[in-house]
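# kindly return the folded structure for what I paste below:
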Amino acid sequence: MMSVRTGLECFLDSHTQSVDGQRLGLLCNQASVSSRLESAVDLFSRRFGPRLTAIFTPQHGLWGEEQDNMIETGHTTHARLGIPVFSLYSETRTPTAEMLDEIDCLVVDLQDVGTRVYTFIWTLLACMHACERAGKRLIVLDRPNPLGGLVSEGPMLVDGCQSFVGNSIIPLRHGLTIGELARLFHARHTPALELECIAMQGWSRGQLFDTTGLPWVWPSPNMQRFETAVVYPGQVLFEGTNLSEGRGTTLPFEVAGAAYIKDPERLCAALNRYPLPGVVLRPLRFRPVFNKGSGQSCGGFQIHVTDAQQVRSVALTLALLHEIRQQAADQFSWLPPPYEYEYKKLPIDILLGSPAVRHALEAGAMVDHAAIVESLSPGMDEWKAVSREVWLYPE
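Here you go, the predicted model:
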């Protein structure tokens with residue numbers, strides 16, 4: 001099978017004439033690589049020389065070093081190139097006018113993971129707003145959605161729950177590539193921006209990342225494997241609880257639990273009444289070395305992905321949350337703010353994009369698969385129609 005060619009490679013092969021004579025900024029990180037694992041920074045510096053005048057970085061920094069939730073990265077200077085490296089997860093999450101004075105065109109090459117709460121897409125939107133105001137061009141170099149482009153999972157974001165983990169009305173698992181999201185944001189939010197999206201070659205909507213032939217380079221420090229991305233749309237909800245989502249272990253998001261879960265076998269057995277396509281849950285105990293549960297023996301589970309195409313991780317995690325609340329109601333809790341620069345709303349509400357699902361969990365309504373599916377359904381039919389309008393790749 002021929003490997004997918006990313007927007008980065010397609011741009012350098014046949015689209016560079018569109019930036020002739022222009023000073024370029026590059027929004028990227030260490031996962032911005034070619035199929036031969038050459039970094040976008042190196043490829044741009046070789047091709048454009050001194051016309052690469054600035055690098056911009058998203059959350060976790062250029063090298064993906066920093067951990068989650070308001071752990072900021074400072075601005076610096078690239079050691080070899082001597083050009084500024086502007087952090088867009090610092091005292092600002094939007095490029096300033098002074099930063100954009102360095103460039104004529106901002107090129108974005110980021111690996112998204114297909115989940116609304118992953119902050120890279122909101123950094124993209126912030127850049128689109130800033131470039132529109134400053135009269136700068138913006139080019140998005142497209143990359144695969146690791147979860148493919150045929151399946152979406154609710155809940156939809158609702159007005160009032162916007163935040164840096166959700167700043168446009170899309171579902172939790174959105175089913176679009178970052179280039180397609182840029183097209184959606186352009187239509188909704190930045191119509192005056194001069195936007196260009198460089199499509200991939202060889203990618204089709206049904207492809208998950210493990211069929212692309214591309215190397216997986218973790219885009220953030222807790223997204224080390226493709227399997228992590230598969231379960232992330234649901235498992236990221238644990239960030240809004242006092243359960244460990246596996247940070248501080250070697251399998252973040254693939255393992256989860258808490259010291260107060262004394263009987264992991266009982267928990268996993270309770271999940272047998274829910275359909276769990278594409279996964280097997282194995283009871284285990286683990287001991288995180290940092291973050292929630294640090295140094296404690298936590299009872300919980302590991303999610304083993306057996307068929308990534310079939311996984312519906314949001315429904316899976318809601319079933320888990322329901323059962324954990326049933327078995328440990330006196331010890332389970334939602335975490336209070338702040339969370340990703342939101343200081344008033346509960347983290348779980350901005351993660352879900354709506355308080356309605358939390359209310360259903362608190363009412364004990366997630367008693368079966370049908371109830372979970374119903375809670376995730378509002379707005380999804382409309383989303384299917386809206387998202388098709390920005391597709392770059394056929395079904």
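
# low-confidence ranges, this protein, go.
For the chain, applying pLDDT under 70 flags the ranges 1-2.

# would you mind splitting it into its domains for me?
7-215, 226-376 (automatic domain parsing).

# out of the ones you listed, which gets nearest to residue 391?
Ranking the domains of the chain by proximity to residue 391 (Cβ to Cβ) places domain 7-215 first, at 6.2 Å. Every residue, glycine included, has its C-beta placed from N, CA and C.

# endpoint to endpoint, the closest one covers what distance?
Terminal residues of domain 7-215 lie 15 Å apart, using Cα to Cα, to the nearest Å.

# again, but for stretch 46-53
Start and end residues of stretch 46-53 are separated by 13 Å (Cα to Cα).

# neighbouring contacts of it?
12, 16, 19, 21-26, 41, 44-45, 81, 83, 102-103 (Cβ atoms under 8 Å, 6 or more residues apart in numbering).

# ditto for stretch 10-23
Residues contacting stretch 10-23 (Cβ under 8 Å, 6+ apart): 43, 47-48, 51, 53, 102-105, 107, 137, 139, 141, 196, 198-201.

# can you give me the strands in the stretch 51-200 of the chain?
For the stretch 51-200 of the chain, strands defined by DSSP state E, counting those that start in this stretch occupy the ranges 52-57, 76-77, 84-87, 105-108, 137-141, 153-156, 171-173, 195-198.

# paired strands for the shortest one, with orientation please.
In its sheet, strand 76-77 lies beside strand 84-87 (antiparallel), with partners assigned from DSSP bridges.

# same thing with the longest one?
When pairs are called by DSSP bridges, strand 52-57 turns out to pair with strand 24-27 (parallel), strand 84-87 (parallel).

# now the fifth one
The strands beside strand 137-141 in its sheet (DSSP bridges) come out as strand 105-108 (parallel), strand 195-198 (parallel).

# how about those in a markdown table, adding distance to residue 286 and mean neighbour count?
Converted to a markdown table, the strands paired with strand 137-141 look like this (distance: least, Cβ to Cβ, whole Å; neighbours: other Cβ atoms under 10 Å):
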| stretch | distance to residue 286 | mean neighbour count |
| --- | --- | --- |
| strand 105-108 | 36 | 25 |
| strand 195-198 | 41 | 20 |
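
# residue 304 is nearest to which of those strands?
For the strands paired with strand 137-141, proximity to residue 304 was assessed by Cβ to Cβ; strand 105-108 is nearest, at 34.3 Å.

# hang on, the earlier thing: show the buried residues in the contacts of stretch 46-53.
12, 19, 23-26, 41, 44-45, 81, 83, 102-103 (16 or more other Cβ atoms under 10 Å).

# got the strands paired with strand 52-57 as a markdown table, with distance to residue 368 columns?
Formatted as a markdown table, the strands paired with strand 52-57 follow (distance: least, Cβ to Cβ, whole Å):
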| stretch | distance to residue 368 |
| --- | --- |
| strand 24-27 | 44 |
| strand 84-87 | 46 |
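
# which stretch among the ones you listed comes nearest residue 312?
Closest to residue 312 of those is strand 24-27 (Cβ to Cβ; 31.4 Å).

# which is the next helix or strand following the closest one?
Per DSSP states H and E, the first helix or strand lying C-terminal to strand 24-27 is helix 40-48.

# of the domains of the chain, which approaches residue 392 most closely?
Shortest distance between residue 392 and the domains of the chain, using Cβ to Cβ, is found for domain 7-215: 4.8 Å.

# and that closest one, how far out from the chain middle?
Domain 7-215 sits 12 Å away from the centroid of its parent chain (Cα atoms, centre = their mean, to the nearest Å).
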